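Asker: Okay, sequence plus prediction incoming.
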Amino acid sequence: MFEAILRRVAQQFEGAGRPRDMEDVKGMLIKNPGADLDYVRSWLQDFADSLGEPFKDRFERALEDSR
């Protein structure tokens with residue numbers, strides 16, 4: 001399950017971070033309160049380092065907005 005969440009989060013963040021994409025990410029976070037956020041953060045940081053995009057920052061904003 002966490003891999004699917006991570007994959008979807010990464011897909012959403014690859015684009016321009018459109019408002020609808022961010023709402024999708026927030027919805028996944030709300031529906032999966034037990035998600036391993038450290039695992040997701042680790043992968044997002046790897047993506048950020050490789051691609052030069054602020055994936056982790058966007059995720060943290062979506063996480064904060066989902067609470």
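Answerer: Looks like it came in fine.
Asker: if I pick residue 29, what's in contact with it?
Answerer: Taking CB atoms under 8 Å, 6 or more residues apart in numbering as the criterion, residue 29 is in contact with 35, 62, 63, 66. To be clear about C-beta, it is placed using only N, CA and C from the backbone, and glycine gets the same treatment.
Asker: and the closest residue to the first one other than its chain neighbours, how many neighbours?
Answerer: Translated: residue 35. Nearest in space to residue 35, with sequence neighbours left out and distances taken as CB to CB, 6 or more residues apart in numbering, is residue 5 at 5.6 Å. For residue 5, the count of nearby residues is 19 (other CB atoms under 10 Å).
Asker: quick revisit: now tabulate the contacts of residue 29 in TSV and tack on distance to residue 29, secondary structure and pLDDT.
Answerer: Shown next, in TSV, are these (distance: CB to CB, whole Å; DSSP: H, G, I helix; E, B strand; the rest coil; pLDDT from 0 to 100):
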residue	distance to residue 29	secondary structure	pLDDT
35	7	coil	87
62	7	helix	83
63	6	helix	86
66	4	helix	80
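Asker: any idea which of those has the most stuff around it?
Answerer: residue 62 (22 neighbours).
Asker: hang on, it packs against residue 21?
Answerer: No. With contact defined as CB atoms under 8 Å, residue 62 does not reach residue 21; the gap is 9.3 Å.
Asker: wait, isn't the residue nearest to residue 35 in contact with residue 32?
Answerer: Yes. The pair residue 5 / residue 32 is scored as a contact, 6.0 Å apart, by CB under 8 Å.
Asker: average pLDDT across the host helix or strand of residue 29?
Answerer: Applying DSSP states H and E as the criterion places residue 29 in helix 19-31. For helix 19-31, mean pLDDT is 82.
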